[in-house]
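J.: Could you work out the structure for the sequence below:
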Amino acid sequence: MDTFLIILNIAIMLFIIFGLYQMQKKHVSFSKRVFTGLGVGIVFGLILQYVYGPTSDVVKGSVDWFNLVGTGYIRFLQMIVMPLIFVSIIGAFTKLKLSNNLRKISTLILTILVGTTAVAAAVGIGTTVVFNLEAVQIESGEAEKARGESLEQRFSSMQGQTLPKQIIELLPANPFLDFTGQRSTSTIAVVIFAAFLGFAYLGVRKKQPEQAEMFAKMIDTLYAIVMRVVTIILRLTPYGVLAIMTRTVATSDLNAIYNLGKFVVASYVALGIMFIIHLLLLLGAGLNPVTYVKKAFPVLAFAFTSRTSAGALPLNIATQKQLGVPDGIANFAGSFGLSIGQNGCAGIYPAMLAVMIAPTVGINPLEPSFLFMLIVVVAISSFGVAGVGGGATFAAILVLSAMDLPIALAGLLISVEPLIDMGRTAVNVSGSMTAGILTSKVTQEIDKDMYQNPDLRMEIQA
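T.: Numbers count the residues shown, from 1 in each chain. Predicted coordinates:
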């Protein structure tokens with residue numbers, strides 16, 4: 001009987017996938033297809049949960065097959081992350097018109113990314129206090145305990161490392177190993193390695209322009225190929241989102257989610273405030289924030305549904321260009337934003353956890369010294385956060401360990417992780433785009449006419 005029901009559920013999933021494919025053939029916009037996959041996945045997941053129960057053998061068996069689409073999609077995104085970051089960083093160097101602006105551009109981008117992350121930490125702290133969130137209010141089940149033990153095991157491999165040692169871990173001793181993503185700091189290591197090659201290219205361009213031109217053409221070719229691979233993967237997004245949301249909803253403990261509803265609401269309030277801060281920064285720079293929202297909506301919608309900053313990188317860069325940001329700055333801001341200063345994952349989330357957990361060990365989270373140290377630690381720890389899956393967890397471990405807070409309590413939120421991760425990812429992407437736009441405005445390289453042109457709005461061709 002179970003086998004028949006599993007086959008029935010698989011058939012329903014295939015029918016829905018066929019429906020999404022028909023929408024693609026009829027040229028329905030990418031954003032609409034993604035949100036359709038999201039909505040139908042939620043409904044299908046709720047039906048499976050209501051009919052069979054989240055822990056039933058039928059749901060487990062069905063989800064195993066659904067994972068061929070959902071987990072397969074995530075694996076493909078992970079496959080392209082490192083090549084994408086690598087060629088984007090080097091491409092940023094080859095596209096720079098004036099190398100003497102490099103220091104100013106990179107400094108501005110990094111300052112904005114880290115600075116807004118510090119602000120995001122303050123927003124997370126304030127929201128947690130206003131909503132009166134504490135870890136002791138959360139009931140822990142088997143899943144939460146297992147998650148806590150997993151976090152402690154992960155922390156044990158990092159324990160005992162001083163700040164200088166942690167900084168050294170960011171450096172690429174073997175870039176080929178880091179291309180495999182084996183280390184938690186592999187992403188930032190690849191960025192550093194690509195930056196070294198970029199600086200070397202600038203030196204060669206001065207002394208051996210012919211060789212530099214040949215290298216630039218080679219990078220442009222590689223960039224085009226990698227972007228084509230990304231486009232192919234992006235076409236799978238509606239199906240991947242459908243399968244992932246079905247699995248998430250069907251296997252979630254709805255009672256736990258209901259009990260953590262206060263944290264979910266607080267998280268989205270904090271994320272919403274941070275997004276408004278991005279808009280205020282643009283307004284302060286003399287740019288229309290409404291125009292930004294209209295043009296950025298497709299990429300933010302993709303980031304929200306796919307939960308991957310790295311997968312959104314090509315759309316991020318394309319959107320910045322349509323907002324008048326030069327190629328080089330757009331590539332730098334988008335690529336740096338994948339591993340440095342993610343406002344949602346590395347800013348708001350770990351700060352909220354720290355304030356929630358502090359009272360469990362007798363620390364007053366409102367002490368000025370605690371708050372100041374927390375914001376500083378969050379800003380420093382925002383370096384090296386991965387852009388696909390697990391970035392927020394890694395950031396939380398770094399911050400909680402640095403503040404001498406229990407790591408395992410972070411596992412209490414496992415049941416709502418997917419829900420809040422969607423919003424966090426969208427804010428991450430918005431933060432990197434904001435950094436690119438503000439940098440190009442300060443360096444007076446932004447094309448204001450292109451920024452204001454309402455006809456230049458991106459529709460994802462996938």
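
J.: Nearest the middle, which residue of the chain would you pick?
T.: The residue lying closest to the centre of the chain (C-alpha atoms, centre = their mean) is Ser309, at 3.4 Å.

J.: Going toward the C-terminus from the host helix or strand of Glu213, what's the next helix or strand?
T.: Per DSSP states H and E: Glu213 is located in helix 209-234. Per DSSP H and E, the first helix or strand lying C-terminal to helix 209-234 is helix 237-251.

J.: for that following helix, packing partners?
T.: Here helix 237-251 touches helix 2-25, helix 30-52, helix 57-95, helix 289-306, going by 3 or more C-beta pairs under 8 Å, 6 or more residues apart in numbering; DSSP states H and E. From N, CA and C alone the C-beta is placed, and that goes for glycine too.

J.: I'd like these laid out as JSON lines, including mean neighbour count and distance to Pro359.
T.: JSON lines is the format used below for those (neighbours: other C-beta atoms under 10 Å; distance: least, C-beta to C-beta, whole Å):
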{"stretch": "helix 2-25", "mean neighbour count": "14", "distance to Pro359": "44"}
{"stretch": "helix 30-52", "mean neighbour count": "19", "distance to Pro359": "34"}
{"stretch": "helix 57-95", "mean neighbour count": "20", "distance to Pro359": "36"}
{"stretch": "helix 289-306", "mean neighbour count": "20", "distance to Pro359": "32"}
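
J.: which one of the ones you listed lies closest to Val378?
T.: helix 289-306 (21.1 Å; C-beta to C-beta).

J.: any idea which helix or strand comes after that closest one?
T.: Downstream of helix 289-306, the first helix or strand assigned by DSSP H and E is helix 313-322.

J.: That following helix versus helix 30-52: what angle between them?
T.: With axes from the mean of the first three to the mean of the last three C-alpha atoms, to 10 degrees as the basis, helix 313-322 and helix 30-52 are set at 140 degrees to each other.

J.: What average pLDDT does helix 313-322 get?
T.: For helix 313-322, the mean per-residue pLDDT is 86.

J.: what's the closest non-adjacent residue to Leu283?
T.: Excluding the flanking residues, the one nearest Leu283 by C-beta to C-beta, 6 or more residues apart in numbering is Pro289, at 5.2 Å.

J.: same thing with Ala285?
T.: Of all residues not flanking Ala285 in the chain, Lys441 sits nearest, at 4.8 Å (C-beta to C-beta, 6+ apart).

J.: can you list the helices and strands packed on helix 237-251 in CSV and add distance to Thr425 and mean pLDDT?
T.: What follows is the helices and strands packed on helix 237-251, written out as CSV (distance: least, C-beta to C-beta, whole Å; pLDDT from 0 to 100):
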stretch, distance to Thr425, mean pLDDT
helix 2-25, 21, 91
helix 30-52, 13, 88
helix 57-95, 12, 86
helix 289-306, 5, 87
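
J.: Does anything pack onto the helix holding Glu213? Which helices or strands?
T.: Using 3+ C-beta pairs under 8 Å, 6+ apart, helix 209-234 is in contact with helix 57-95, helix 186-207, helix 313-322.

J.: For the shortest one, name the packing helices and strands.
T.: The reference is to helix 313-322. So helix 313-322, by 3+ C-beta pairs under 8 Å, 6+ apart, packs with helix 57-95, helix 209-234, helix 289-306, helix 327-339, helix 417-442.

J.: That concludes my questions; thank you for your assistance.
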